[in-house]
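Novice: here is the input, now give the coordinates:
(chains A and B)
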Amino acid sequence: MTLILAFTLFILAVFLGIELISKVPPTLHTPLMSGSNAISGITLIGALVSAGSDHSTLTTLLAFGAVTLATINVVGGFLVTNRMLSMFATRRPAKKMGPDT
Amino acid sequence: MNRSDIIELGYLIAAVFFIIGLKGLGKPRTARRGNLLGATGMLLAVLVTLLDQAIVSYWVLLAGLAVGAALGGVLAVRVQMTSMPELVALFNGFGGAASVLVATASFIQLTDLGGVDDQVSVAASATALIGAVTLTGSIIAFFKLKESMKWTGFGGIRMVNALLALSGIVLSVLVVTDPTNTTWLWALVAVGAMLGVLVVIPIGGADMPVVIALLNSLSGLAASATGFVLDNTLLIIAGSLVGASGLILTQIMCVAMNRSALAVVFSASPSSSAGSIDPDDVYAGKVTSTSAEEVAMILDTAGRVVIVPGYGLAVAQAQHAVREMTKALEANGTQVVFAIHPVAGRMPGHMNVLLAEAEIDYEQLIEMDEVNPTFAQTDVAIVLGANDVVNPLAKTDPDSPIAGMPILDVDQAQTVVVIKRSLSPGFAGIPNPLFAADNALMLFGDGQKAITDITKALSE
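Specialist: Coordinates of the predicted model:
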């Protein structure tokens, strides 16, 4: 991939991100942050290749650390976001049952 | 179709999942599905990556995946909702650290193989710097959020930061011009780490929503920069999506405080510029204190009650007590809503998460712009652990450190009950004339106990 192509992707994705997020209600600020943070754990896929390429002890150690930390970020991030969002969700049926109370 | 085509195609599909997932996270109805879509995209990306022919041994990566998944799972399941800001800060830091490690490991590999070009070295420098700042900045934010760090830096800290930033630039140039010497890259990581510590150290608690949103953005940008090192499209796309969404959140927080992100990060805490008003002049002889029983009597006849939560709610862990009081009031025919200031608490949306944990309906949480015109028709406003976000000085005193910050107009309510430990100032370090207003009653004490006492008195 040429540098200019990589830059094109970067800039377009930034604009896309801004469009996607620009109108988010405050209730979702925290889940959005932890969910998007889990996505930024995508660095995991780079870590996996490094950890598996068996290049030298140093790079394998570094990559092992990277896989571990990125996996904590990914698994923990998605799980905790789901936990928060399920708290938001559980109350909805209850509200429908008693709209006048 | 060969292996690398399959991998690229898998990455494209994962990117689409991330985009739809992020879009879903922006609406209450679709948020949970959006998060699941994001997780699915991540799983797909990991699975196709395992097809990569550069992977010759699976033991190390499987061990890392297992350890990381176990630790992440335990953290996510066990965290208290009141500690959510700390956890988010910690995850941001881990993401930044992972990017630094990947970029340095790949850089060393490429140096050994002689494949370092300018794109790789520039991107590795950017990753080292951004990722290291994200890591140590997040760790400091973590300790500040835990309230276990009171140190706010030293004189001349901004000078040191400027020097560090300058040496970061010099080291980046050295990495690019002399890529075979990996010492420069490690030195750059060290400088970034110091910079992260020293930039976040002077920032006070109430500015934390801005800091966390900014660190969130940086963790994405670090991943994106790693994508330039590895020539990996998915890293570039996903990282910049997160970088952009973090920037938007930062912007929202800044507007809510009427400060710029640069002012938050690079200026000293606002309390240093305060002190032009003597608290005694504001409070002397004008503060009326009250009791839980008296508050319950006022609430008994109230038709509409607005509760204004702040960071004190989280500290006192009073969210469940508040739910009980809300129920008691509603059983009495009183309408209860919550007025949420965008920067109440220590991270974006902090109050919403706490109140959701206590099973308070999010339809009852009203945003500032919507709730402000209704205070005039409100019988009782209960300020619970909030201070600066209800300080009328923001409107009346142009010299105040919070001048121009949008506030909740609780003073327009018939009666304002402020539940607070003492008359001590909020983060901005200025007295609050609201506490001395004719219609304001102070209920001194622990938030949780005060609310429980009111609920008890209501039911008697």
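
Novice: ok, and does stretch B:361-381 reach over to chain A?
Specialist: Yes. Part of stretch B:361-381 sits close enough to chain A to count as contact by C-beta under 8 Å from any C-beta of the partner chain, namely B:361-363, B:365, B:367. C-betas here are computed from N, CA, C, even on glycine.

Novice: and that stretch, how far out from the chain's middle?
Specialist: Centroid displacement of stretch B:361-381 relative to its chain, using C-alpha atoms, centre = their mean, to the nearest Å, is 24 Å.

Novice: that one: end-to-end distance?
Specialist: The separation between the terminal residues of stretch B:361-381, taken as C-alpha to C-alpha, to the nearest Å, is 19 Å.

Novice: roughly how far is the one helix or strand B:Ser106 maps to from the heart of the chain?
Specialist: B:Ser106 belongs to helix B:84-113 when elements are defined using DSSP states H and E. How far helix B:84-113 lies from its chain's middle: 20 Å, per C-alpha atoms, centre = their mean.

Novice: neighbours of whichever residue of the stretch 151-300 of chain B sits closest to chain A, just the number please.
Specialist: Residue nearest to chain A within the stretch 151-300 of chain B: B:Ala244 (2.7 Å; C-beta to the nearest C-beta). Using other C-beta atoms under 10 Å in any protein chain shown, the number of residues around B:Ala244 comes to 26.

Novice: ok, now which ones touch it?
Specialist: Residues touching B:Ala244, when contacts are defined by C-beta atoms under 8 Å, 6 or more residues apart in numbering or on different chains, comprise A:13-18, A:20-21, B:217, B:220.

Novice: wait, isn't A:Val75 in contact with B:Gly72?
Specialist: Yes. Checked against C-beta atoms under 8 Å, the pair A:Val75 and B:Gly72 is within contact range at 3.5 Å.

Novice: would you map the helices across chain A?
Specialist: For chain A, the helices identified by DSSP state H occupy A:3-21, A:29-40, A:43-52, A:57-71, A:77-97, in order along the chain.

Novice: is any residue of stretch B:188-205 near chain A?
Specialist: No. On the criterion C-beta under 8 Å from any C-beta, stretch B:188-205 is out of touch with chain A, staying 11.0 Å away.

Novice: mind listing what's buried in stretch B:51-60?
Specialist: For stretch B:51-60, the neighbour count (16 or more other C-beta atoms under 10 Å in any protein chain shown) marks B:52, B:55, B:60 as buried.

Novice: I'd like the distance between the closest residue to the second one other than its chain neighbours and A:Thr68.
Specialist: In other words, B:Ile55. The shortest distance from B:Ile55 to any non-neighbouring residue, by C-beta to C-beta, 6 or more residues apart in numbering or on different chains, is to A:Gly52 (3.1 Å). Separation of A:Gly52 from A:Thr68 (C-beta to C-beta, to the nearest Å) stands at 14 Å.

Novice: between the two, which is the more surrounded one?
Specialist: When neighbours are counted by other C-beta under 10 Å, A:Gly52 and A:Thr68 differ, and A:Thr68 comes out ahead with 28 against 24.

Novice: residues touching residue 58, list them.
Specialist: Picking chain A for this. B:105, B:108 are the contacts of A:Leu58 under C-beta under 8 Å, 6+ apart.

Novice: wrong one, chain B
Specialist: With contacts defined as C-beta under 8 Å, 6+ apart, the neighbours of B:Tyr58 are A:52, B:50.

Novice: and for the one 5 residues further on?
Specialist: For B:Ala63, the contacting residues are A:Phe64, by C-beta under 8 Å, 6+ apart.

Novice: please apply the same query to B:Val242.
Specialist: Contact partners of B:Val242, counting by C-beta under 8 Å, 6+ apart, are A:17, A:36-37, A:39-40, B:216-217, B:219-220, B:223.

Novice: leaving out chain neighbours, which residue sits closest to it?
Specialist: Beyond its immediate neighbours in the sequence, the residue positioned closest to B:Val242 (C-beta to C-beta, 6+ apart) is B:Gly220, lying 2.8 Å away.
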